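Student: The following block contains a protein sequence and its predicted model.
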Amino acid sequence: MNGRTKKPLGDPFGLSQFGVNLTTLEQGAASALHHQHSLQDEWVYVLQGEVTLHVGNDEFPMQAGMCAGFRAGGEPHHIENRSSANAVILEVGSRPPGDEVSYPADDLVAVMNAAGKWVFEHKDGRPY
């Protein structure tokens, strides 16, 4: 995604049960497409800047020092930087095998395969 930089913080240590990313969002960038996980819990913490949290059809302003969590199977969500400065967030998520990600506004589904890699498909099952 344009304007988004993710730095994996857990992978260099071989962590496999959860992921940790330091994510920088430039002006106008989003953390992800609007999505929801079937099995993964997620948690985010704003380290720097101001962002807009989208949950379902609602929007919530967030600034440095604020956090949010998303239970597996919960409402679709994503974070957007509408401010004029970069924002930095810490993202933490579990890595359960068989997790599926649905994208309500897009013709996209992501499924984690047995090797722990994401496989992207159209909603009708055709591969990308």
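Tutor: The structure has been received and is ready for your questions. Just so you know, these numbers come straight off a predicted model, no measurement behind them.

Student: then stretch 57-67 to CSV, C-alphas only?
Tutor: C-alpha atoms of stretch 57-67 as CSV (Å, rounded to 0.1, in the frame of the first residue of the first chain):
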residue,chain,number,x,y,z
ASN,A,57,-19.0,2.3,9.5
ASP,A,58,-17.8,4.4,12.4
GLU,A,59,-14.7,6.7,12.7
PHE,A,60,-12.7,7.5,15.8
PRO,A,61,-9.9,10.0,16.1
MET,A,62,-6.7,8.6,17.8
GLN,A,63,-3.5,10.3,18.8
ALA,A,64,-0.2,9.4,20.4
GLY,A,65,-0.7,7.3,23.6
MET,A,66,-4.1,5.8,22.5
CYS,A,67,-4.7,2.1,21.7
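
Student: Can you point out the buried residues in it?
Tutor: Met62 (16 or more other CB atoms under 10 Å). The C-beta positions use only the backbone N, C-alpha and C, and glycine is treated the same way.

Student: Find the nearest non-adjacent residue to the residue minimising distance to the centre of the chain, please.
Tutor: Taking CA atoms, centre = their mean, the centroid of the chain lies closest to Ala32, which sits 5.2 Å from it. Excluding the flanking residues, the one nearest Ala32 by CB to CB, 6 or more residues apart in numbering is His78, at 4.9 Å.

Student: ok so that neighbour is a strand residue?
Tutor: Yes: counting by DSSP: H, G, I helix; E, B strand; the rest coil, His78 is part of a strand.

Student: What segments of this protein are helices?
Tutor: Using DSSP state H, no helices are found in the chain.

Student: before we move on, the earlier item: quickly note the distance from the residue nearest to the centre of the chain to Val92.
Tutor: Ala32 sits at a distance of 14 Å from Val92 (criterion: CB to CB, to the nearest Å).

Student: Alright, that wraps it up for me.
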